[in-house]
Structure formats: structure tokens, C-alpha cells
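Just need the structure, nothing else, for what follows:
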Amino acid sequence: MKAFVFPGQGSQYTGMGKNLYEQYPMARDLFEEANTILGFRITDVMFEGTDEELRATRVTQPAVFLHSVIAHMVNTIEEPQMVAGHSLGEFSALVAAGALSFEDGLRLVSARAEAMQKACEMHPGTMAAVLGLPDEKVEEICSGIQEGVVVAANFNCPGQVVISGSMEGIDAAIPVLKEAGARRAIKLPVGGAFHSPLMQPAADALRTAIEQVSFHYPTCPVYQNVCATPQTQPEQIRHNLLLQLTSPVRWTQSVMQMIADGADTFYEFGPGDVLKNLIKKINPEVTIG
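You can find the predicted model right below:
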């Protein structure tokens, strides 16, 4: 069975999507529609902008979404039998599966980016990558930290977990994780505590936007981050999208469940190949298309 997967924030690069714009008339039309919807020429930043300009959350999230969705729309592979996206990539997956329209998906991603940026300003925080410890050990250590806020935020593959929280929480957790045997525990160059309780203001702000959008029955199951299980009910999908902002991305568990449900070939749509590499680490036996 074919599974399509879509990356999240962090996979962006200058020049992303330019080849699609130049090669496919449909892609060009969609990019120009996106410029109109967003109210600024995001294509200029994607194609020619600096790394710093591209890292701004209000740009990064819609840019990755656009690259991913348009790359999927122009593909010549058969349609997927299941889809999943990493964090932001879940919106791309929902569009690919027909649960969201292109326009609604882009508007929600833009609203999400603005809401997350404001939450970062309200509650400053950061994230750190932890290598070489079991998921359960990382969760156990985070739950025992008394200073600030710190939680396991991204379960990317076995032995690779990202933690998220307040500055003091992350600073307190890193030495404990190293003492417990982590090969590395290092802060990441991100501007906020994504997928942690500190993102609650963003979830509250996004709720209104999500409630105003129509969700449809997807053409195939969507494996959502918060539960790592296949979802097909529009209202449950909507609910899980809100929970996602303050809950961990269960990518390892999602991929394992997709494989258990019959996925044997994975295709990644979007900038870079981060998810392909993670999937190979989760299960080297599957085919990467």
C-alpha cells in the first residue's frame, strides 16, 4: 500500500518550489492564488529570499505547505491509500486526502503561523534534540523536572526525541538527560516551545479559524500526530488539529501503525527528505519512493 507523507517546519530552503512554478502551469496558478490569499508575494521569499526571511514563522509555514501540496498535485503517482504529515505537514496531508480544500488549508496554515508566533512572544521557550535514549526514558525525565515547563514534543524515530518548554525547563532537563546516557542533548535554533502547553494561546486563537472551515471525509485514512491512528471522521480530524499544537508529534508511532496497517511504500512530498530518512530509521525494510 502507498503512503504519502508531508514534512513540517524546518525543511525549508531558498529556491523551494521555483522549479514547480517554472515547469507546471497549474503550479504557477496555485502559487499566484496563494500570493493573493496571503496578501504578499510569498513566492518572492521562497524563490529568492534569504534564509533569515524564510525562517520567519509567518513565511515558513505557508511556504512549506505550498511546496508540499503543489508537489503532490503535479505528481504522476497513483493516489495514496493513507497519508500523514509531521506537525505542520498534517495540513498538507489533509489537503492531499481531500479533507480540506487548498484555499482553506492555506488560510488555516497562515492563521496557525500567526497564532504560534504570538504565543512564542507571550511565553518564550525553546526546544532541544535528545539522541540515544528510549522514548519512555525521555518522558520520565521530563515529568520529573521541577523547574519551568518541559515535555517530550516530537517522537521522530527510535532514539531521537525533541523536547520542548520554557528556557529554564529545557536548561534543567539537558544535564539530567546527559547523565541518563543521552548521546546528545542540544538546544535547537527555534523561536518557541512548539507542541508544549506553552502553545495553548495559539490553540485558543486557532480554534475560531478552524471552526469556520468545512472539513470533508478524506479519500483515505489520515494518521494524525496526536493519536498515531487512522482518522476519517471530519469532526475528529478538526478536534485533533487543535490538540496538535499542545501535544507531542507521535511520528514514530504513526509510521509504525501505517506499516502495521499495510503501508509498504512511502512517498514524501515537500522540501527536503527529512521524513524519508526518519522512516528508514523506524523501519529499514519499507520502500521509499
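
Please count neighbours and contacts with C-alpha atoms only from this point.
Noted.

What lies in contact with the one helix or strand in the chain whose mean pLDDT sits lowest?
When the helices and strands of the chain are scored by mean pLDDT, DSSP states H and E, helix 51-55 comes last with a mean of 87. By Cα atoms under 8 Å, 6 or more residues apart in numbering, the residues outside helix 51-55 that reach it are Gln12, Tyr13, Thr14, Val45, Met46, Val59, Thr60.

would you turn these into TSV with pLDDT and secondary structure?
Listed next are the contacts of helix 51-55 as TSV, based on pLDDT from 0 to 100; DSSP: H, G, I helix; E, B strand; the rest coil:
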residue	pLDDT	secondary structure
Gln12	89	coil
Tyr13	92	coil
Thr14	93	coil
Val45	96	helix
Met46	96	helix
Val59	91	helix
Thr60	92	helix
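
Kindly state the domain boundaries assigned to this structure.
The record's domain parsing of the chain by automatic domain parsing lists 2-121+197-288, 124-187.

Could I get those in a markdown table, plus columns for mean neighbour count?
Below are those laid out as a markdown table (neighbours: other Cα atoms under 10 Å):
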| stretch | mean neighbour count |
| --- | --- |
| domain 2-121+197-288 | 20 |
| domain 124-187 | 20 |
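
how near is Leu243 to Ala180?
30 Å (Cα to Cα, to the nearest Å).

tell me the mean pLDDT for the host helix or strand of Cys142?
Using DSSP states H and E, Cys142 falls within helix 135-144. Mean pLDDT, helix 135-144: 97.

Tell me the helix or strand right after that helix.
strand 150-157.

How about residues contacting that next one?
Residues from elsewhere that reach strand 150-157 (Cα under 8 Å, 6+ apart): 135, 138-139, 142-143, 161-166, 169-170, 173, 194-196, 247-253, 278-279, 281-282.

can you give me the helices for the protein?
Using DSSP state H, the helices of the chain run over 18-23, 25-38, 42-48, 51-55, 57-73, 89-96, 102-122, 135-144, 167-179, 200-211, 234-244, 251-260, 274-282.

any idea how far the last one is from the chain center?
Same thing as helix 274-282. Computed by Cα atoms, centre = their mean, to the nearest Å, the separation of helix 274-282 from the middle of its chain amounts to 14 Å.

how about Gly17, what does it touch?
Shown in contact with Gly17 (Cα under 8 Å, 6+ apart): Met46, Phe47, His67, Pro271.

Between these, which sits nearest Ala93?
Set against Ala93, the nearest of the contacts of Gly17 by Cα to Cα is His67 (12.3 Å).

Verify the stated contact: Ile174 with Ala185.
Yes - Ile174 lies in contact with Ala185 (Cα atoms under 8 Å); the separation is 5.8 Å.

re the thing from before, can you redo the helices of the chain as CSV with distance to Ala128?
Shown next, in CSV, are those (distance: least, Cα to Cα, whole Å):
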stretch, distance to Ala128
helix 18-23, 32
helix 25-38, 31
helix 42-48, 27
helix 51-55, 18
helix 57-73, 18
helix 89-96, 20
helix 102-122, 16
helix 135-144, 12
helix 167-179, 7
helix 200-211, 20
helix 234-244, 19
helix 251-260, 17
helix 274-282, 17
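
which one of those lies closest to Cys220?
Closest to Cys220 of the helices of the chain, according to Cα to Cα: helix 89-96, at 9.5 Å.

Next, the angle from that closest one to helix 57-73.
Using axes from the mean of the first three to the mean of the last three Cα atoms, to 10 degrees, the direction of helix 89-96 lies 40 degrees away from that of helix 57-73.

how far does helix 89-96 sit from the chain's center?
Helix 89-96 sits 9 Å away from the centroid of its parent chain (Cα atoms, centre = their mean).

what does that helix contact?
4-9, 65, 68-69, 72-73, 83-85, 100-102, 105, 109, 218, 222, 224-225.

if we go to 7 Å?
Helix 89-96 is contacted from outside by 5-8, 65, 68-69, 83-85, 100-102, 105, 224, using Cα atoms under 7 Å, 6 or more residues apart in numbering.

most remote residue from the protein's center?
Residue farthest from the centre of the chain, counting by Cα atoms, centre = their mean, is Glu179 at 29.9 Å.

Any figure for the gap between it and Cys120?
Per Cα to Cα, Glu179 is found 29 Å from Cys120.
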